[in-house]
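> Sequence first, then the predicted structure:
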Amino acid sequence: MEKTWNKKNTLKQLLYMLLYFAAYLLVCVLGSVHPILFVCYQITAGILLTGVLVKGFDQIQAPGVALSFGAILLLVFLLIGDFTPWHAIPVIVLVILAEAAGLIMGNDKWKTVVTKSIIMSFATFGYYGQIWLNRTFTYDAAVEEMPAGYADKLMSCSSGWAFPVVIILGIAVSILIANLTAKLFKLQTKKS
């Protein structure tokens, strides 16, 4: 719970960044298991990413934590050749929103941690958002990359009404996981 960066918390943040990336990869891998898990990326992201994000944002109360989480994703996108506007722009926008939330909400530490964690849990949006916003591309990519029948199941599972439901459930799950993380690690959630 430090207000400035130092060597010790920077090293801890590097660990959280790596855990965040590993959890991000797991969300992506689970999406390939079954189309319904692809449609529910945000819910899975809420479950797998939020705890790591809460710990990172709780540890350092200085600007740049969201940037560090976003930077690891952007770096990996570059390394694997997946640095496309669909993947990079949402991460950049989310980093800006999370950093802004930290500046705007600075007085209530716990609400700031939760808000920033929810925002950054949406980092996988570039992958799953295309289901609803770029359907032809998603279908074609699923036909090319996934087992037979996956693309058709994906399209049937991703009705228009599912988009807001997945977003709302993803936010609710992130709030639940944030509170479970706080209890598990005995984090301060009340103003002192």
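Received the coordinates, thanks.
> which helices and strands does the lowest-mean-pLDDT helix or strand in the chain pack with?
None of the helices or strands of the chain scores lower by mean pLDDT, DSSP states H and E than helix 125-128, at a mean of 92. Of the remaining helices and strands, those touching helix 125-128 by 3 or more C-beta pairs under 8 Å, 6 or more residues apart in numbering; DSSP states H and E are helix 7-33, helix 41-59, helix 85-104. Any C-beta I mention is one placed from the backbone N, CA and C, and that applies to glycine too.
> if we go to 7 Å?
On a contact count with 3 or more C-beta pairs under 7 Å, 6 or more residues apart in numbering; DSSP states H and E, helix 125-128 meets helix 41-59, helix 85-104.
> and those helices as CSV, adding mean pLDDT, mean neighbour count and distance to Ile118?
Formatted as CSV, these follow (pLDDT from 0 to 100; neighbours: other C-beta atoms under 10 Å; distance: least, C-beta to C-beta, whole Å):
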stretch, mean pLDDT, mean neighbour count, distance to Ile118
helix 41-59, 97, 25, 7
helix 85-104, 96, 17, 9
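> Would you format those helices as TSV with distance to Val65 included?
Shown next, in TSV, are those (distance: least, C-beta to C-beta, whole Å):
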stretch	distance to Val65
helix 41-59	6
helix 85-104	8
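> For the residue most central in space within the chain, give me its contacts.
In the chain, the centroid-proximal residue (C-alpha atoms, centre = their mean) is Ser121; its distance is 2.3 Å. Residues near Ser121 by C-beta atoms under 7 Å, 6 or more residues apart in numbering: 45-46, 49-50, 53, 170, 174.
> List just the nearest of the residues you listed to Leu11.
Closest to Leu11 out of these is Leu53 (17.8 Å), distances taken as C-beta to C-beta.
> Can you give me the pLDDT of the residue nearest to Leu154 when sequence neighbours are not counted?
Leaving aside its sequence neighbours, Leu154 sits nearest to Pro35 (C-beta to C-beta, 6 or more residues apart in numbering; 3.9 Å). For Pro35, the model assigns a pLDDT of 96.
> how about low-confidence regions in the protein?
1, 192 (pLDDT under 70).
> Could you rerun that using 80?
Scanning the chain for pLDDT under 80 picks out the ranges 1, 106-107, 191-192.
> Could you look up the next helix or strand downstream of the least confident helix or strand of the chain?
Sequence order places helix 130-133 as the next helix or strand after helix 125-128, per DSSP states H and E.
> buried sites along that next one?
Using 16 or more other C-beta atoms under 10 Å as the test for burial, helix 130-133 gives 130-132.
> And for stretch 17-31?
So for stretch 17-31, counting by 16+ other C-beta under 10 Å, buried means 17, 19-21, 23-24, 27-28, 30-31.
> Dump the residues you listed into a markdown table; add distance to Ser159 as well.
Output for the buried residues of stretch 17-31, formatted as a markdown table (distance: C-beta to C-beta, whole Å):
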| residue | distance to Ser159 |
| --- | --- |
| Met17 | 35 |
| Leu19 | 34 |
| Tyr20 | 30 |
| Phe21 | 31 |
| Ala23 | 28 |
| Tyr24 | 26 |
| Val27 | 21 |
| Cys28 | 22 |
| Leu30 | 21 |
| Gly31 | 17 |
